[in-house]
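**Student:** The following comprises the amino acid sequence and a computationally predicted model.
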Amino acid sequence: MSRPTDVTVNVAAIRPRLPDPMDAPVLRWGVLGTGWIAERFVAALRRNTRQVVTAVASRDGARGAAFAGRHGIARVHDDAGALAADPEVDIVYVATPHPAHVGGALAAIDAGTHVLVEKPLGLDAAEATRIAERAAAAGVYCAEALWTFFLPRFDVVRQVLESGVIGPLRTVLAEYGEYLPDGHRAMDPALAGGSLLDLGIYPVALASRLLGEPRRVLATGDANRFGVNAQTGALVQDDAGALAVLYTGLSGSTPTTATIAGTRGAIELPGPFYQPGDVIVRTWADGEILRYTEPAVAHEALYWEAAAVARDVAAGRTQSRERPLADSIAALRLMDAVRERLGVSYVRTNEGVA
């Protein structure tokens, strides 16, 4: 998302500019992983696009076969390499636990296959940079599946920011807290558990996109009895003095809202801000000047990112326009700075498994 300018735009008339997902060129998708997000991604594609899922890979053969049966997928593989080398697969969607993202991504890239990696792109900026550099060298498409930035809602936000109507950016407020039960994978240190990568990536990515490289980062938080970070608060400031106030936690649900405020007005994103929903724009002089509304269909909207990726690949692009790899790396660099202040580190195990 661009920083505000002084372009004159009829803000009240702003609507999403995204093409119909049904018109996106068809790719043959291979899915690495059979968990919660993979289920929703495949279901959303089947119901809302012409994309075709041709193969799935899981190290657990029974889980892979069951997943394939539920979704009408013909081909089942037992590892990332076999999936990436499948001649019926144009692009791999990496939907494994966080520590295996880098292995899954590199397996696809090394096979010369395009790849969409579920958020976060890597456990840290170093892993994300490694993926980006390998993809660039191979000349294949690579993007992070941070679906928020592909949604119609966020195209509206982009246009409002570009209009300059709220004035120069001063404040970003964003939070995401959710109650996650003891058995959730986010409670497992071996799976890079905690709130930061699962939930915190959304407010951190928003702040990073808007503020750019931070001049100052302050953070505090605590761990739970499983040894993973339970909640985190952070203050981030850029060179122009704009400030982001961020929160994430896994011990209780919060409104999950975001506000982007400038010197002349603000953009309000009612919760959950990272999903489909409303955009409200107010100026200090005129009050509410835009209320954009779209159906709050939650993860059913994952298909928007797949359609955008399919258009990119068909056009010969190697990165996403909505989520360039530089943005993914910058967000993880900010996350690294937050983790450094908290003393949080991750275990790296089982690269590339599903």
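**Tutor:** Thanks, I have the structure now.

**Student:** Could you use CA atoms for every contact and neighbour count after this?
**Tutor:** Noted.

**Student:** list the contacts for the closest residue in space to Arg216 that isn't next to it in sequence?
**Tutor:** In space, and not counting its chain neighbours, Arg216 is closest to Gln237: 5.2 Å by CA to CA, 6 or more residues apart in numbering. Going by CA atoms under 8 Å, 6 or more residues apart in numbering, Gln237 touches 211, 214-217, 243-244.

**Student:** Do you know the pLDDT at Gln237?
**Tutor:** The per-residue pLDDT reported for Gln237 equals 98.

**Student:** So what pairs up with it in the strands?
**Tutor:** Note on Gln237: beta-bridge partners by DSSP bridges are Arg216, Leu243.

**Student:** burial count for Ala308?
**Tutor:** Residues near Ala308, counting by other CA atoms under 10 Å, number 21.

**Student:** what's the answer for the one 3 residues further on, then?
**Tutor:** Residues near Arg311, counting by other CA under 10 Å, number 20.

**Student:** any idea how far it lies from His114?
**Tutor:** Using CA to CA, to the nearest Å, Arg311 is found at 13 Å from His114.

**Student:** Val279 too?
**Tutor:** Val279 is 33 Å from His114, where distance means CA to CA.

**Student:** Work out for me the element Arg291 sits within.
**Tutor:** If you go by DSSP states H and E, Arg291 is part of strand 287-292.

**Student:** Show me what that strand is packed up against.
**Tutor:** For strand 287-292, the packing partners by 3 or more CA pairs under 8 Å, 6 or more residues apart in numbering; DSSP states H and E come out as strand 279-283.

**Student:** Which strands or helices does the strand it packs on pack on?
**Tutor:** Packed next to strand 279-283, using 3+ CA pairs under 8 Å, 6+ apart, are helix 152-163, strand 265-269, strand 287-292.

**Student:** Mean pLDDT, distance to Glu118 and mean neighbour count for the ones you listed - can I get that in a markdown table?
**Tutor:** Formatted as a markdown table, the helices and strands packed on strand 279-283 follow (pLDDT from 0 to 100; distance: least, CA to CA, whole Å; neighbours: other CA atoms under 10 Å):
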| stretch | mean pLDDT | distance to Glu118 | mean neighbour count |
| --- | --- | --- | --- |
| helix 152-163 | 98 | 18 | 22 |
| strand 265-269 | 98 | 23 | 23 |
| strand 287-292 | 98 | 28 | 16 |
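
**Student:** Would you convert the ones you listed into CSV that also reports distance to Trp304?
**Tutor:** Shown next, in CSV, are the helices and strands packed on strand 279-283 (distance: least, CA to CA, whole Å):
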stretch, distance to Trp304
helix 152-163, 8
strand 265-269, 19
strand 287-292, 18
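
**Student:** closest to Gly61 out of these?
**Tutor:** Nearest of those to Gly61, taken as CA to CA: helix 152-163 at 37.2 Å.

**Student:** any idea of the angle that closest one forms with strand 279-283?
**Tutor:** 20 degrees (axes from the mean of the first three to the mean of the last three CA atoms, to 10 degrees).

**Student:** hang on, the earlier thing: give me the buried subset of the contacts of Gln237.
**Tutor:** 211, 214, 217, 243-244 (16 or more other CA atoms under 10 Å).

**Student:** and the lengthiest helix in the chain, how far out from the chain's middle?
**Tutor:** Identified as the longest helix of the chain according to DSSP state H is helix 325-342. Remark: helix 325-342 is offset 14 Å from the chain centroid, using CA atoms, centre = their mean, to the nearest Å.

**Student:** Keeping just the C-alphas, turn that helix into PDB.
**Tutor:** Written as PDB, here are the backbone C-alpha positions of helix 325-342 (Å, rounded to 0.1, in the frame of the first residue of the first chain):
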ATOM      1  CA  LEU A 325       8.700 -10.600  -1.700                       C
ATOM      2  CA  ALA A 326      10.500  -7.400  -0.500                       C
ATOM      3  CA  ASP A 327       7.400  -6.700   1.600                       C
ATOM      4  CA  SER A 328       7.300 -10.200   3.000                       C
ATOM      5  CA  ILE A 329      11.000  -9.900   4.000                       C
ATOM      6  CA  ALA A 330      10.500  -6.500   5.500                       C
ATOM      7  CA  ALA A 331       7.600  -7.700   7.700                       C
ATOM      8  CA  LEU A 332       9.700 -10.600   9.000                       C
ATOM      9  CA  ARG A 333      12.600  -8.200   9.600                       C
ATOM     10  CA  LEU A 334      10.300  -6.200  11.800                       C
ATOM     11  CA  MET A 335       9.100  -9.500  13.500                       C
ATOM     12  CA  ASP A 336      12.800 -10.400  14.100                       C
ATOM     13  CA  ALA A 337      13.300  -7.100  15.900                       C
ATOM     14  CA  VAL A 338      10.200  -7.700  18.000                       C
ATOM     15  CA  ARG A 339      11.400 -11.200  18.800                       C
ATOM     16  CA  GLU A 340      14.900 -10.000  19.700                       C
ATOM     17  CA  ARG A 341      13.400  -7.700  22.300                       C
ATOM     18  CA  LEU A 342      11.300 -10.600  23.700                       C
END
